[in-house]
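Student: Sequence below, structure please.
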Amino acid sequence: MADAARRLRSLAEQLLGAPLPVRLRAWDGSQDGPPDAPALVVRNRRALRRMLFRPGELGLARAWVAGDLEIEGDLYTVLDVMAGLVWERGEDARGLGEALRDPGVRAAARELLTLAGPPIPPAPPREEIRRPRRNLHTRRTDRRAISHHYDVGNDFYEIVLGPSMVYSCAYWEDAGTLESAQRDKLELVCAKLGLKEGQRLLDVGCGWGSMAIHAAREHGVSVVGVTLSQEQAAYARKRVADEGLTDRVEIRVQDYRDVVDGPFDAISSIGMAEHVGAERYLEYARQLYALLVPGGRLLNHQIARRPQRDESTYQVDPFIDSYVFPDGELAPIGTTVTQLERAGFEVRDVESIREHYARTLRRWVANLEADWDRAVRLTSPGRARVWRLYMAASALAFERNRIGVNQVLAIRTPESGASGLPLRPRTWHG
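Tutor: Modelled structure (predicted):
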């Protein structure tokens, strides 16, 4: 009798100590759970071995990326309920070790081991980056991390991002499209920076050149854009040439720490500072401060996490670190503001646009799903699955206020104290 799904549900609920609010479908064709609920499909026993050898988020992620675990029905619903059962509860190896002190849980774990088959740990999917977490955020390790994420293929990113080719939070109106919302975001950044014709802008982490092109074309500034991705730079240079802006926009493959041809009137850093790392953040802030003219403005657009009661316990999300943004780190917005102030900046405005990022991510997921077969051909099934999972899970994290995103406007205020800002600076909202 095919009963793997029933046994799995019983064992999972014993190990988690809570009901499983999804339907389970197992490799033997059996099903168990609410018939109208989305289904978690365990395609083979290897999925169980992945979760047993790496309990918690990373084991689940490996099973998903490898195609051993699938979801039938609404992806967001399943991720939302699983977040409550696994991610938010911190079910890692240590949590499992504590649970195993219970005789009933130990018996369930033994039965799960029997059901999983031969006790041989499956190799991680090839999409997983494996390296020691030491010597982080050197020029070499940052280049490698950026390449892992951004050198996936420009054609793939065209599918996900759409014509705007902007890989950061858009700025939405109720009836807006992704393209109009990204254009409005770029214009919002330019307005906060107060860009004027003839000024010089440094765009740190320039991506595929969208901010540099918009600022040069719409505001008449000269722009230096820097990225560590060779593929991004090649794509951005072609776009600049197609726009006829080569006399005003220079795209470089260069580390922000190696930019020495300041001063600049303004600096935009949009979705880049998450790669800097806590140990390097003050260095990052001081470098940008030094590159600005007195009175120059920095617009720092950055994802933030919620502060922890004990900040020393902060750990990088294992799925994101292993598959998406190697060596990336999130900081609370208060920490970011403090570091900018320590570097000498006067912080003049902080705007949270958290809900805007949730909407942006859902649009990116929809784009990927609509052209799924081509995305798989351009990368790999595993890579496409990584992007679908991380973007959908991130959308939920923004919606549930687990993470946020903020635009921080900071000024290298001159000794005179004149900030150059109007008395009511929020007039940039129209």
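
Student: Run through the helices of the stretch 301-430 of the chain in chain order.
Tutor: Ranges of helices within the stretch 301-430 of the chain are 318-319, 333-342, 354-370, 372-378, 381-399, based on DSSP state H, counting those that start in this stretch.

Student: just the strands in the stretch 51-200 of the chain please.
Tutor: Here the stretch 51-200 of the chain has its strands, by DSSP state E, counting those that start in this stretch, at 69-72, 200-204.

Student: right, and the helix or strand after the last one?
Tutor: Note on strand 200-204: by DSSP states H and E, the next helix or strand toward the C-terminus is helix 210-219.

Student: Remind me what that following helix packs against, helices and strands.
Tutor: helix 178-193, strand 200-204, strand 222-227, helix 230-242, strand 249-253, strand 264-270 (3 or more C-beta pairs under 8 Å, 6 or more residues apart in numbering; DSSP states H and E). Any C-beta I mention is one placed from the backbone N, CA and C, and that applies to glycine too.

Student: Counting neighbours, which bits of the longest one end up buried?
Tutor: Within helix 178-193, the residues that count as buried by 16 or more other C-beta atoms under 10 Å are 178, 181-193.

Student: Next, the residues that contact it from outside, please.
Tutor: Contacts to helix 178-193, defined as C-beta atoms under 8 Å, 6 or more residues apart in numbering, come from residues 162-164, 166, 168-173, 176, 201, 210-211, 214-215, 218-219, 266, 268, 270, 297, 299, 301, 349, 356, 359-360, 363, 367, 407, 409, 428.

Student: Drop anything exposed from those.
Tutor: 162, 164, 166, 168-172, 201, 210-211, 214-215, 219, 266, 268, 270, 297, 299, 301, 349, 356, 359-360, 363, 367, 407, 409, 428.

Student: returning to that earlier point: make CSV from the buried residues of helix 178-193 and add pLDDT and distance to L228 to it.
Tutor: Formatted as CSV, the buried residues of helix 178-193 follow (pLDDT from 0 to 100; distance: C-beta to C-beta, whole Å):
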residue, pLDDT, distance to L228
L178, 98, 26
A181, 98, 27
Q182, 98, 22
R183, 98, 26
D184, 97, 27
K185, 98, 22
L186, 98, 21
E187, 97, 26
L188, 97, 25
V189, 98, 21
C190, 98, 24
A191, 96, 28
K192, 97, 25
L193, 97, 23
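
Student: Compile those residues into CSV and extend it with columns for distance to R377.
Tutor: Formatted as CSV, the buried residues of helix 178-193 follow (distance: C-beta to C-beta, whole Å):
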residue, distance to R377
L178, 23
A181, 28
Q182, 26
R183, 30
D184, 33
K185, 30
L186, 31
E187, 35
L188, 36
V189, 34
C190, 37
A191, 40
K192, 40
L193, 40
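
Student: which residues sit in contact with S164?
Tutor: Going by C-beta under 8 Å, 6+ apart, S164 touches A170, L178, E179, Q182, R183, S210.

Student: what's the nearest residue to the fourth one if we skip its chain neighbours?
Tutor: Yep, that's Q182 we're talking about. Closest residue in space to Q182, ignoring its immediate chain neighbours: S164 at 3.8 Å, by C-beta to C-beta, 6 or more residues apart in numbering.

Student: Off-centre distance for the longest strand seen in the chain?
Tutor: When the chain is parsed with DSSP state E, its longest strand is strand 292-305. Strand 292-305 sits 19 Å away from the centroid of its parent chain (C-alpha atoms, centre = their mean, to the nearest Å).

Student: Quick one: work out the angle between it and strand 264-270.
Tutor: Taking axes from the mean of the first three to the mean of the last three C-alpha atoms, to 10 degrees, strand 292-305 and strand 264-270 form an angle of 10 degrees between their directions.

Student: follow-up on the earlier one: can I get the strands of the stretch 51-200 of the chain in CSV including distance to A63 and mean pLDDT?
Tutor: CSV is the format used below for the strands of the stretch 51-200 of the chain (distance: least, C-beta to C-beta, whole Å; pLDDT from 0 to 100):
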stretch, distance to A63, mean pLDDT
strand 69-72, 4, 94
strand 200-204, 37, 98
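
Student: which one of those strands is the most hemmed in?
Tutor: Of all those, strand 200-204 has the most neighbours on average by mean count of other C-beta atoms under 10 Å, namely a mean of 25.

Student: Mind giving me the packing neighbours of it?
Tutor: helix 210-219, strand 222-227, strand 264-270, helix 281-291.

Student: so A37 touches R23, yeah?
Tutor: Yes - A37 lies in contact with R23 (C-beta atoms under 8 Å); the separation is 4.7 Å.

Student: more neighbours, those two?
Tutor: Higher neighbour count among A37 and R23: R23, with 21 against 18, using other C-beta atoms under 10 Å.

Student: Just name the closest of the contacts of S164 to A4, please.
Tutor: L178 (41.7 Å; C-beta to C-beta).

Student: what's the spacing between the closest residue to N154 other than its chain neighbours and F325?
Tutor: Excluding the flanking residues, the one nearest N154 by C-beta to C-beta, 6+ apart is Y235, at 4.7 Å. Look at Y235 and F325: by C-beta to C-beta, to the nearest Å, they are 20 Å apart.

Student: got the residue ranges for the helices in the stretch 51-200 of the chain?
Tutor: Per DSSP H, counting those that start in this stretch, the stretch 51-200 of the chain carries helices over the ranges 57-65, 75-82, 93-99, 103-116, 139-150, 154-161, 178-193.

Student: Now do stretch 375-383, average pLDDT.
Tutor: Averaged across stretch 375-383, the pLDDT comes to 94.

Student: Show me the contact partners of it.
Tutor: Contacts of stretch 375-383 (C-beta under 8 Å, 6+ apart): 65-67, 125-127, 152-153, 155-156, 159-160, 368, 384, 387.

Student: repeat for stretch 408-420
Tutor: 192-194, 289, 292-302, 333, 336-337, 340, 344-350, 421, 425.

Student: what do you get for stretch 4-11?
Tutor: 20, 24-28, 30-33, 42, 48, 108-109, 111-112, 115.
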